[in-house]
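Novice: below are the sequence and a predicted model; questions follow.
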Amino acid sequence: MTRLLLLRHAKAAPHSPDGDFARPLNPRGQADAARLGAFLASRGIVPAATLVSPAQRTRETAALVLAALPGAPAPLFSDALYNASVETLRAEIRAAPAGAETLLVIGHNPAIGELAHALAGDGADKLPAGFPTCALAIFEAAPGAAKGRWSHRQRLVECVTPASSRR
């Protein structure tokens with residue numbers, strides 16, 4: 001894999017009678033996720049694989065983003081991504097399908113934002129504080145990096161947030 005996309009799910013309803021796992025996106029989150037999908041399409045970025053937490057809000061985010069990306073394969077849901085640690089996220093990324101040159105991971109804070117900051121290294125100041133909902137960090141492997149490792153020698157290419165994508 002040479003490109004890693006880390007996406008926090010879009011804005012969700014504050015509560016669900018069925019608990020945190022079942023919280024759906026709110027209207028703003030739906031619009032933000034669709035806009036992010038259009039952004040990726042405009043850049044020609046289509047993931048070869050998408051790893052998604054099975055929570056309702058991440059499923060909905062994935063559906064809206066991927067709907068804008070013709071040819072994107074169906075998402076792969078992993079129970080491990082719900083309430084994951086940074087170490088669990090790294091393990092799931094390492095276990096991603098072989099040959100997935102562009103991998104999209106849709107998860108939750110704090111881990112998704114913490115991993116983005118860790119991977120960004122000296123470029124972490126380009127990431128928004130708190131890694132807001134529907135924030136996307138795009139990384140590319142540096143020349144000579146161990147393929148698929150995503151622990152050292154990567155480059156933060158861009159970070160997109162709902163606020164920056166509305167401009």
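Specialist: Alright, I've got the coordinates. Numbers count the residues shown, from 1 in each chain.
Novice: by residue count, what's the longest helix in the chain?
Specialist: Taking DSSP state H as the criterion, the chain has its longest helix at helix 27-43.
Novice: ok, and what's touching that helix?
Specialist: Helix 27-43 has contacts (Cβ atoms under 8 Å, 6 or more residues apart in numbering) with 5, 7, 9-12, 25, 46, 57, 60-61, 64-70, 133-134, 136, 160, 162, 165-166. In short, each C-beta sits where N, CA and C put it, glycine included.
Novice: can you tell me which of those are buried?
Specialist: Among the contacts of helix 27-43, the ones that count as buried by 16 or more other Cβ atoms under 10 Å are 5, 7, 9-12, 25, 46, 57, 60-61, 64-66, 68-69, 133-134, 136, 160, 162.
Novice: so which of those residues belong to helices?
Specialist: Per DSSP H, the buried ones among the contacts of helix 27-43 map to helices at R57, E60, T61, L64, V65, L66, P162.
Novice: give me the buried positions along stretch 91-108.
Specialist: Buried, per 16+ other Cβ under 10 Å, within stretch 91-108: E92, I93, A96, A100, T102, L103, L104, V105, I106, G107, H108.
Novice: how confident was the prediction at the fourth one?
Specialist: Put plainly, it is A100. According to the prediction, A100 has pLDDT 86.
Novice: how close does it get to T50?
Specialist: 9 Å (Cβ to Cβ, to the nearest Å).
Novice: so how far is T161 from the residue lying closest to F77 once chain neighbours are set aside?
Specialist: Leaving aside its chain neighbours, F77 sits nearest to P54 (4.5 Å; criterion: Cβ to Cβ, 6 or more residues apart in numbering). Shown here: P54 relative to T161, a distance of 24 Å by Cβ to Cβ.
Novice: neighbour count winner among the two?
Specialist: T161 (19 against 14; other Cβ atoms under 10 Å).
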